[in-house]
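1. Make a model of this:
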Amino acid sequence: MAIKGTTIKEALAKFEEKEGTKASEAKVVKLYAQIPPIEKMDASLSTLTNCEQLALSTNTIEKIANLNGLKNLKILSLGRNNIKSLNGLEAVADTLEELWISYNLIEKLKGIQVLKKMKVLYMANNNVKAWEEFNKLGELPSLVDLVFVGNPLEEKSSAEGDYRDRVVKVLSRLKKLDGDPVVRTDDED
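-> Numbering: from 1, shown residues only. Purely as a prediction, here's the structure:
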């Protein structure tokens, strides 16, 4: 018999017990590395109306969903899951400033352009292979910090020696790439 995953509702009950506070009132809600892991972002998330930082990393989540009630969400941590697409982020497009989504299965960046306030994107070790996909990040006017190492595109382009130059051309406001400051020469400004 397969073990059923932890539901968001169960994880929130554990969180409340551990923290001694109501999840609906908390600004930071940590539901990472549940045992058994969380498999679905279910409707219980909508109760987190005060949440500014939500950690759901190290679970087995496949889809981003049910973020509608999180009207104050600034940081969403979904690293080390099984997420294949960025659909579902439009619900937090007006508030999200940081998306931590490294170690997932993302190949396409469709849907990311709605995140106009996003400053930080950590998406190392995913499956992005094409510059056509990467170029969608150019539609993010606030993006200043990107971690993209470990994607097939980065690995191939780094081997060819033009990765940093190409990234800086696409993302003109970037200040940090893969943990290192972006240094521009005067003729690039």
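2. Show me the contact partners of the host helix or strand of Ala13.
-> Taking DSSP states H and E as the definition, one finds Ala13 inside helix 8-19. Applying C-beta atoms under 8 Å, 6 or more residues apart in numbering, the external contacts of helix 8-19 come out as 22-23, 26, 29-31, 34, 38, 40-42, 44-45, 47. Heads up, the C-betas are built off the backbone N, CA and C, glycines and all.
3. Stretch 30-48: end-to-end distance?
-> Length of stretch 30-48, first residue to last, C-alpha to C-alpha, to the nearest Å: 12 Å.
4. got a list of contacts for it?
-> Residues contacting stretch 30-48 (C-beta under 8 Å, 6+ apart): 3-9, 11-12, 14-15, 23-24, 26, 29, 54-70, 73, 77, 88.
5. Report the buried residues of it.
-> Across stretch 30-48, burial judged by 16 or more other C-beta atoms under 10 Å covers 30-32, 34, 37-41, 44-48.
6. if we can go back for a sec, name the nearest of the contacts of helix 8-19 relative to Val114.
-> Distances from Val114 to the contacts of helix 8-19, taken as C-beta to C-beta, are shortest for Met41 (17.3 Å).
7. Could you pull out the buried residues of the helix holding Ala13?
-> In helix 8-19, counting by 16+ other C-beta under 10 Å, buried: 8, 10-12, 15-16.
8. swap in stretch 64-83?
-> Counting neighbours by 16+ other C-beta under 10 Å, one finds that the buried residues in stretch 64-83 are 64, 66-67, 69-70, 73-81, 83.
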